[in-house]
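Asks: mind looking at a prediction? Sequence and model below.
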Amino acid sequence: MHKLLCFATKRTRCLTLSVSLIICLFIFSQPSIQRHIFGVCACGQCVADIFYDAWFRMHYDPNIELLLTKKNSILSDALYRWWQKLQYKSRVNYKAVSEMLFGIFPNEEDYSDAGPGRCRTCAVVGNSGNLNGSHYGVLIDAHDLVIRINKGPTEGFERDVGLKTTHRMIYPESAVDMDNSTYLVLIPFKTLDLQWLISVFTTKHIDRTYIPVKPTIKANRNKVMVLHPSFLKYVQEHWLQKHGRYPSTGFITLIFALHICDQVSVFGFGADKDGNWHHYFEHKKHPRNAGNHGGSYEYLIALKLHEKQGIRLYKGW
Ligand SMILES: *[C@@H]1O[C@H](CO)[C@@H](O)[C@H](O)[C@H]1NC(C)=O
Ligand SMILES: *[C@@H]1O[C@H](CO)[C@@H](O)[C@H](O)[C@H]1NC(C)=O
C-alpha cells in the first residue's frame, strides 16, 4: 500500500512538472510576453512600446511599404489613381520609369531590422522658426540618424540645428545639393518626380515641373531612396484622416521615422513663440500655415504622439 502511494505521488509530480514546462514554453513563445521580459528594442524607451495603445494601433500599420523597390513597384489601380490625382498630372509611363529607376539606383536599403538588440535614435529636423535661438545643435547631432527636410540648411545655423545630415527628404521643387554621405530620400508626389530623379543623375534635361526646378543637384547616386506612393496614401488616410490636400514633407518624415527608428526626437515643428509660421533661415513671416497642408492638424497629431511617448517633441524657443 505504501509503495503504491509513493508511486502515484511520483507520477503526479512528474505530470505537474511536465504541465508546468509546457505552460512555461507557451508563455515564452508569445511575442507580447517576450517583449515585456526582453524589451522591444535596446533603448530605454522604444517607439514599439506604444503598440499597446489603442489610438496608436488605429493609426500605425507595421506592414506598410516604406520604400519603392523592384519587388513592390507594381501599384494597385486604386493606389495609382490616388497618386495620379495627388498633385499634378503628367503623361509619364510609370512602368517604364520605375524599371529605369532600379537600373540606376540601389534598392536594397532595408530598415526591417528592428529587435531587442537594436537602439536606433533619430532626430527629425523640421524648418520652423522656433529653432532660432534654441541651441539644439549638439543634441540633434547626438542622434544616430539626423533627417532633414527640403532646403533646411546647416551652414551658419549649426548652434541651433547641428551639422550632421544622414538623410534629406526632398522633392524636385525643394531639392538642394547634399554631401556624399547623405541619403537622398525622394518623396514622389507625382510620376514626373521619378523621371526628374533619373534625369538628375543622367541626362539632366528636366528643368521644369509645374515650376522651374534644378536640372541637377550634387548627391551620391548610391544613396538614393524613394518613398513608396502607398506610404504617402497611408500618411494621408491613416494619420491625417484626409485633413488637407496632402501631408507636408515634415509630417511624412515624422511618420517615416516612426517606422525606421526606435526613438524619435522631433525638432523645428509648428509655429514660433509668437504664433508665426516661418523658416529658421528666412525672415518672411506668414501669419498662418499657408499652402495645401492641414498644418495645425498635423501638429495636433505630433502633440498626441508626444503625449503618448511615441516621439519626443522639442518645442523650440
Ligand atoms: C561618394 O561616395 C561613393 C561611394 O558611395 C564613391 O564611389 C564616390 O567616389 C564618392 N564621391 C565623392 C565626390 O567623394
Ligand atoms: C533669429 O533670432 C535673432 C535674435 O532674436 C533675430 O535677430 C534674427 O532675425 C532671427 N532670425 C530669423 C531668421 O528669424
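Replies: Looks like it arrived, so ask away. Numbers count the residues shown, from 1 in each chain. Ligands and ions are numbered 1, 2, ... in the order given.
Asks: SS state for the one residue in the stretch 1-150 of the chain that gets nearest to ligand 1?
Replies: Nearest residue of the stretch 1-150 of the chain to ligand 1 (CB to the nearest ligand atom) works out as Pro106 at 9.6 Å. To be clear about C-beta, it is placed using only N, CA and C from the backbone, and glycine gets the same treatment. Here Pro106 is coil, with the state taken from DSSP: H, G, I helix; E, B strand; the rest coil.
Asks: what's near enough to touch Val235?
Replies: Shown in contact with Val235 (CB atoms under 8 Å, 6 or more residues apart in numbering): 247, 251-252, 255.
Asks: ignore what I typed, I meant Leu194.
Replies: Contacts here follow CB under 8 Å, 6+ apart; on that basis Leu194 touches 92, 94, 97-98, 101, 186, 188, 226.
Asks: and what of Ile104?
Replies: For Ile104, the contact set (CB under 8 Å, 6+ apart) comprises 198, 201-202, 221.
Asks: sorry, back to before: so which of the contacts of Leu194 belong to helices?
Replies: Those of the contacts of Leu194 mapping onto helices are 94, 97-98, 101, per DSSP state H.
Asks: which of the residues you listed has the most neighbours?
Replies: For these, neighbours were counted using other CB atoms under 10 Å, and Leu101 has the most, 22 neighbours in all.
Asks: I'd like the contacts of Ile104 written out as CSV, with neighbour count added.
Replies: Listed next are these as CSV, based on neighbours: other CB atoms under 10 Å:
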residue, neighbour count
Ile198, 18
Phe201, 16
Thr202, 12
Arg221, 13
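Asks: stretch 202-219 - what's its average pLDDT?
Replies: Here stretch 202-219 scores 93 as its mean pLDDT.
Asks: quick one: is it near ligand 1?
Replies: No: applying CB under 6 Å from any ligand atom, one finds that stretch 202-219 is not in contact with ligand 1, the shortest distance being 8.5 Å.
Asks: which other residues reach that stretch?
Replies: Residues lying outside stretch 202-219 but in contact with it, judged by CB under 8 Å, 6+ apart, are 88, 90, 104, 172-173, 175-178, 182, 184, 190, 192-193, 195-196, 199-201.
Asks: tell me the buried residues in stretch 69-87?
Replies: Neighbour-count burial for stretch 69-87 flags 69, 73, 75, 79, 82-84, 86-87 (criterion: 16 or more other CB atoms under 10 Å).
Asks: likewise for stretch 57-73?
Replies: Neighbour-count burial for stretch 57-73, counted by 16+ other CB under 10 Å, picks out 59-60, 65-69, 73.
Asks: before we move on, back to that, how about the residue of the stretch 1-150 of the chain closest to ligand 1: what's its closest non-neighbour residue?
Replies: On the basis of CB to CB, 6 or more residues apart in numbering, the spatially nearest residue to Pro106 that is not a chain neighbour turns out to be Asn222, at 5.9 Å.
Asks: Leu313 now?
Replies: The shortest distance from Leu313 to any residue other than its chain neighbours is 4.0 Å, reached at His306 (CB to CB, 6+ apart).
Asks: need the three-state assignment for that neighbour.
Replies: At His306, secondary structure determined by three-state DSSP is helix.
Asks: who in the chain is up against ligand 2?
Replies: If contacts are counted using CB under 6 Å from any ligand atom, the residues of the chain sitting beside ligand 2 are 129, 132-133, 280, 283.
Asks: now which of the contacts of stretch 202-219 would you call buried?
Replies: By 16+ other CB under 10 Å, these give 172-173, 175, 178, 182, 184, 190, 192-193, 195-196, 199-201 as buried.
Asks: quick one: those residues as JSON lines, columns for secondary structure too.
Replies: JSON lines is the format used below for the buried ones among the contacts of stretch 202-219 (three-state DSSP):
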{"residue": "Pro172", "secondary structure": "helix"}
{"residue": "Glu173", "secondary structure": "helix"}
{"residue": "Ala175", "secondary structure": "coil"}
{"residue": "Met178", "secondary structure": "coil"}
{"residue": "Thr182", "secondary structure": "coil"}
{"residue": "Leu184", "secondary structure": "strand"}
{"residue": "Lys190", "secondary structure": "coil"}
{"residue": "Leu192", "secondary structure": "helix"}
{"residue": "Asp193", "secondary structure": "helix"}
{"residue": "Gln195", "secondary structure": "helix"}
{"residue": "Trp196", "secondary structure": "helix"}
{"residue": "Ser199", "secondary structure": "helix"}
{"residue": "Val200", "secondary structure": "helix"}
{"residue": "Phe201", "secondary structure": "helix"}
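Asks: among those residues, which one lies nearest to Val138?
Replies: Relative to Val138, the closest of those is Thr182; by CB to CB it sits at 19.5 Å.
Asks: would you agree the closest one is in contact with Lys164?
Replies: No: between Thr182 and Lys164 no contact is recorded; they are 9.3 Å apart, counting by CB atoms under 8 Å.
Asks: ok, back up a step: the residue nearest to Leu313 contacts Tyr314, doesn't it?
Replies: No: taking contacts as CB under 8 Å, His306 lies outside contact range of Tyr314: 9.5 Å.
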